[in-house]
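Visitor: Dropping the sequence and predicted coords here.
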Amino acid sequence: MEVLEGLRERKKRETRETIARSAMDLFGERGYDSVTVADVAEAAGVSEKTVFNYFPAKEDLVFGKGQARREALIHAIRTRPPRASLVEPFRRQTEELLDRLADGEGDAIAAVPRLMSGSSVLRERLFIGWEREAAELTPVIAEETGGAPDDLVAAVVARSLAWTHRLVFRAAFSRVIAGEDQPAVAADLREQARRAYDQLERGLGDYGVR
């Protein structure tokens, strides 16, 4: 029974990946606003209903991995080792991004930003996603520090840490789109990110350290 469930889950994952890949290929060719869900379904070889089963809204075809990334970050915060600060999970998230850039994955990193430049719908959804991230991170950080779920300090810390990663990401894709050498950009941003997170470590002190 477990094998059958494993095969079923794998089939679902493969279907989801096929739909997402087909959508990004079409969006890259025609632009986000010019592609319909019906176009995506046809390219992926599935029905429109199947697309919506995996992606409730068209924008989710672009931002569908966002929730998984937030959940992974929250898990990293909650399971960080003793004496590790709240800064460390965010620092690791940024280092992983820069590792990808150093390995030449800049085009993949810049794919969504390229689409957003031509779609106000995607830009609006991105802003909503940022607020959703802050809303999910704040009570987690508050819990780690013994504060109330709506603690203002936790909200400030959540946004400060999230924006540090976000600014590195924005600098990365902007420089990739401008044609700069990816390993060189990664090396430069790695040093800048280190200094930024080190400053946050000094500023936050023992806040949230177990």
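Guide: In hand now; what should we look at? Residues are numbered from 1 along each chain as shown.
Visitor: which residues does the residue nearest to Phe55 when sequence neighbours are not counted contact?
Guide: In space, and not counting its chain neighbours, Phe55 is closest to Leu61: 5.1 Å by C-beta to C-beta, 6 or more residues apart in numbering. Heads up, the C-betas are built off the backbone N, CA and C, glycines and all. Contacts for Leu61 were tallied using C-beta atoms under 8 Å, 6 or more residues apart in numbering; they are 19-20, 23-24, 27, 40, 51, 55.
Visitor: which of those residues lies closest to Ser119?
Guide: Of all those, Ser119 sits closest to Phe27, with 8.8 Å by C-beta to C-beta.
Visitor: What strand or helix carries the closest one?
Guide: Assigned by DSSP states H and E, Phe27 belongs to helix 2-30.
Visitor: What of Gln67?
Guide: helix 66-78.
Visitor: chain center to that helix: distance?
Guide: 9 Å (C-alpha atoms, centre = their mean, to the nearest Å).
Visitor: which residues touch the helix or strand following that helix?
Guide: Elements were assigned by DSSP H and E; along the chain past helix 66-78, the next helix or strand is helix 87-102. The contact list for helix 87-102, computed with C-beta under 8 Å, 6+ apart, reads 73, 76-77, 80, 108-109, 161-162, 164-165, 168-169, 172, 176, 182-183, 185-187, 189-190, 193, 197, 200-201, 204.
Visitor: now helix 87-102 against helix 66-78, angle please.
Guide: 130 degrees (axes from the mean of the first three to the mean of the last three C-alpha atoms, to 10 degrees).
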